[in-house]
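Peer 1: This is a predicted model, with the sequence first.
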Amino acid sequence: SQKLSCMPVQAVGLDGFHYHQDYILTHSVTFQDGRTLPMKQLKGSPETYDVVHFQEKLEALRHSDPLWPVYVTAPIVLIEGNWLLFQEGLWRKLAGQADYTIFIKAEERALKERLLQRKMTGGSTREEAEAFYQTGDGVNVRRTLQGSGPADFSMCMEADGSFSLC
């Protein structure tokens, strides 16, 4: 029998690449349809990330620079984030830099309840969480589900939190 050996994997997130809060509080985003919104209303959207800095760090990581927002020490790096397969703007170029991509699909209604619970755990009332979902999280969920490009492998998250192949 052949013995399998495992290589260490380190998971790192995209969250370390949000613009700093002072930047978010003082800048706006103009969309293709002409609308301009304060960036603080779009927290978590792809526009609130410093994609150029992320791309620079991704390139440095490929050349063995271990400094991400954390030190990366494993030979396999799993980068997690909603916008990594997004097909707008500078995000479009990122998927091609990955050796392998995975997308976890879910129904919006299952994600909504999880996001509402997260906000309420953080101290928001149900009403406040619902309002934020309408203008923030819900918009981001729909944009991710509709605007992400194909992945090498896709899984579906079921309503109970389990996973299946799509």
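Peer 2: Happy to help now that I have it. Numbering: from 1, shown residues only.
Peer 1: For burial, what's the neighbour tally of residue 79?
Peer 2: 20 (other CB atoms under 10 Å). C-beta: built from backbone N, CA, C; applies to glycine.
Peer 1: is it true that it touches residue 12?
Peer 2: Yes: Residue 79 lies in contact with residue 12 (CB atoms under 8 Å); the separation is 5.7 Å.
Peer 1: packing partners for the longest helix along the chain?
Peer 2: Looking across the chain with DSSP state H, the single longest helix is helix 108-121. On a contact count with 3 or more CB pairs under 8 Å, 6 or more residues apart in numbering; DSSP states H and E, helix 108-121 meets helix 126-132, helix 138-147.
Peer 1: If we use 10 Å, what do you get?
Peer 2: helix 126-132, helix 138-147, strand 153-157 (3 or more CB pairs under 10 Å, 6 or more residues apart in numbering; DSSP states H and E).
Peer 1: just the ones you listed: most buried one?
Peer 2: Most buried of those by mean neighbour count (mean count of other CB atoms under 10 Å) is helix 138-147; its value is a mean of 16.
Peer 1: what does that one contact?
Peer 2: By CB atoms under 10 Å, 6 or more residues apart in numbering, the surrounding residues in contact with helix 138-147 are 41-46, 48, 81-88, 91, 103, 105-109, 111-112, 114-116, 130, 132-133.
Peer 1: What subset of those residues is buried?
Peer 2: 42-46, 48, 81-86, 91, 103, 106, 111-112, 115-116, 132-133 (16 or more other CB atoms under 10 Å).
Peer 1: Return the alpha-carbon coordinates of the longest helix of the chain using CSV.
Peer 2: Output of helix 108-121 as CSV, limited to C-alpha atoms (Å, rounded to 0.1, in the frame of the first residue of the first chain):
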residue,chain,number,x,y,z
GLU,A,108,-29.1,33.9,-1.2
ARG,A,109,-31.8,33.1,1.4
ALA,A,110,-29.4,30.8,3.2
LEU,A,111,-26.6,33.4,3.2
LYS,A,112,-29.0,36.1,4.3
GLU,A,113,-29.9,34.4,7.6
ARG,A,114,-26.2,33.7,8.3
LEU,A,115,-25.3,37.3,7.7
LEU,A,116,-28.2,38.7,9.8
GLN,A,117,-27.1,36.4,12.7
ARG,A,118,-23.5,37.6,12.4
LYS,A,119,-24.7,41.3,12.6
MET,A,120,-26.9,40.5,15.6
THR,A,121,-24.1,38.7,17.3
